[in-house]
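**Q** following is a predicted model, sequence given first.
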Amino acid sequence: MSIRHRLTQRRLRRRDDAAWRPARWTLWTLPKSVLGYVLIVDVLTVAVVATTFDLMAVGSDDWIRLLVLAAGSAIHLEAARDIERLRKVGSDGIPYVNLKGMWTFAAVLILPPPLAVLLIVTTYVHSWLRVRRVPPYRSIFTASTLVLAGAAGVVVLAAIRPGVYPGYPAGPLGLVAIVGAGLAYWFVNYALVAGAIVLSSPESPGRNALGRLSDQLIVAGSLGLGVATAALLLSQPWAVAVLLLTILGLHRALLVDQFQTESRTDPKTGLVNGAFWHEIARREFAAAERTGSPLGVLYLDLDHFKSVNDTYGHLAGDQALQAIADELRHEIRGDDLVGRLGGEEFAVLLPQTSAADTVLAAERIRRRVAALAVTVTTADGPVLCDTITCSIGVATYPESGSTLDQLQMSADLAMYKAKDAGRNRVMTASSDPTL
């Protein structure tokens, strides 16, 4: 591992460590109505957890079921991690839905309260680490809404079918109790999340807070799967593995097909295409503007790339583009987004990144591309192509512009300045070349 890579990793670790310091959260800069709402939900959640902690004894079977649910949730999330990250970014400003309910609602039904809460917490910590590292207070709030939703579900379940919680009530009345618990779970979670969106973005249309009907059908399906998972864990535990395999196949196949049909992926590189990159950039910029967070944008253009196509052929050019896309993927962080704008132009979005760190990221990318040696296919056989370089323009919010259009224009102009200054360099809109 190079010294530069180690320093980069240290900076990222410091950023993540700082993110968990409550005094540095942007939560405290939010409007008082939003701050009060979030704190009330969090405090109410702590009260519910405290009052139900010793409600009933925890047995060895409960721990085994917790481990099975936690393992299933972890495997499920890892299998769909890349897709879910794009879905989560793309749903900013509207309720984000997923299939976590398959595991969390099952835990609410059959586990004692402390273990159900533990399952919810571990699921969201895993999601924060592996899907998208949003400000921690947002993940805490979302997990809190699920704890309160679970408590509402338990109250309804116990009211309709007393004496069976935690467990799976049998018979027609048991079915009514399960449906009632699921409706209470859904309504409380949905209402709390929608309330936060309305308070945070009062200027947005109300329908954004309500989300899409198709998303609520996903929620209903996840709760139904949670009921099936709970029933299997109590009667045929080993069958949960079959259910998990089925869900993984359906989840990935349906969502991958969804993204392909919506043409969000560049076919040559596998990166997101320009239209989807701009869509995500708009959402990330709105979030940065709302929270006062920095945001970096890189525009990257390959130098004299036409000569690669002219010398080796377009197949070789496509192979080189794919190799460069792979290098970009490996250089950026999990929260960043790289897309192909068209031709040999790429764009990188760097959320919550300062101006200085944005320039450092651009320089790392420039050096990585310059060091790339890729074997391409030509009419005369395989040929090593190691002459590709790039010019990168850097723009950051708020330094380079107060709107996304200004930010993109600044990055584009800086890229052309890098070209005019001799190529294979990084420049900002108002800087000298970084050599």
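**A** Structure's in. What do you need?

**Q** would you mark the buried spots in the longest helix anywhere in the chain?
**A** Within the chain, and with DSSP state H defining each element, the longest helix by residue count is helix 171-200. Buried residues in helix 171-200, defined by neighbour count with 16 or more other C-beta atoms under 10 Å: 174, 177-178, 180-182, 184-186, 188-190, 192-194, 196-200. All C-beta atoms are positioned from the backbone trio N, CA, C, and that covers glycine.

**Q** before we move on, what about stretch 364-375?
**A** Those would be R364, I365, R366, R367, V369, L372, V374, for stretch 364-375 by 16+ other C-beta under 10 Å.

**Q** got it, and stretch 307-320?
**A** Here stretch 307-320 shows V308, N309, Y312, G313, A316, G317, D318, Q319, A320 as buried, counting by 16+ other C-beta under 10 Å.

**Q** distance to D301, secondary structure and pLDDT added to these, as TSV?
**A** Output for these, formatted as TSV (distance: C-beta to C-beta, whole Å; DSSP: H, G, I helix; E, B strand; the rest coil; pLDDT from 0 to 100):
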residue	distance to D301	secondary structure	pLDDT
V308	13	helix	86
N309	15	helix	85
Y312	19	helix	85
G313	21	coil	87
A316	19	helix	86
G317	14	helix	87
D318	17	helix	88
Q319	19	helix	89
A320	14	helix	91
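
**Q** export these as a markdown table, with columns for distance to L119.
**A** Formatted as a markdown table, the buried residues of stretch 307-320 follow (distance: C-beta to C-beta, whole Å):
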| residue | distance to L119 |
| --- | --- |
| V308 | 52 |
| N309 | 53 |
| Y312 | 54 |
| G313 | 55 |
| A316 | 51 |
| G317 | 50 |
| D318 | 46 |
| Q319 | 46 |
| A320 | 47 |
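
**Q** quick one: the strands in the stretch 301-435 of the chain?
**A** Assigned by DSSP state E, counting those that start in this stretch, the strands in the stretch 301-435 of the chain fall at 337-342, 345-351, 374-378, 381-385, 390-397, 426-428.

**Q** sheet-wise, list the partners of the fifth one with their directions.
**A** By that I understand strand 390-397. Take DSSP bridges as the rule and strand 390-397 pairs in its sheet with strand 295-302 (antiparallel), strand 426-428 (parallel).

**Q** for the second one, same thing?
**A** If you go by DSSP bridges, strand 345-351 pairs up with strand 295-302 (antiparallel), strand 337-342 (antiparallel).

**Q** quick one: residues in contact with it.
**A** Contact with strand 345-351 is made by 271, 274, 277, 280-281, 284, 287-288, 293, 295-302, 324-325, 328, 332-333, 335-341, 357-358, 361, 365, 411, as judged by C-beta atoms under 8 Å, 6 or more residues apart in numbering.

**Q** 6 Å instead?
**A** If you take C-beta atoms under 6 Å, 6 or more residues apart in numbering as the criterion, strand 345-351 is touched by 277, 281, 284, 295-296, 298-301, 335-341, 358.

**Q** where does the stretch 251-400 of the chain dip in pLDDT?
**A** 251-263 (pLDDT under 70).

**Q** how about the nearest residue to L27, chain neighbours excluded?
**A** Y137 (4.4 Å; C-beta to C-beta, 6 or more residues apart in numbering).

**Q** where does that neighbour fall, secondary structure wise?
**A** Element membership for Y137, per DSSP states H and E: helix 136-160.

**Q** and that helix, what does it pack onto?
**A** With contacts taken as 3 or more C-beta pairs under 6 Å, 6 or more residues apart in numbering; DSSP states H and E, helix 136-160 sits against helix 32-52, helix 101-110, helix 113-130, helix 171-200.

**Q** straight-line length of stretch 46-60, end to end?
**A** Using C-alpha to C-alpha, to the nearest Å, the end-to-end distance of stretch 46-60 comes out at 25 Å.

**Q** now do that stretch: everything it contacts.
**A** Counting by C-beta under 6 Å, 6+ apart, residues outside stretch 46-60 touching it are P112, P113, P114, V117, A151.
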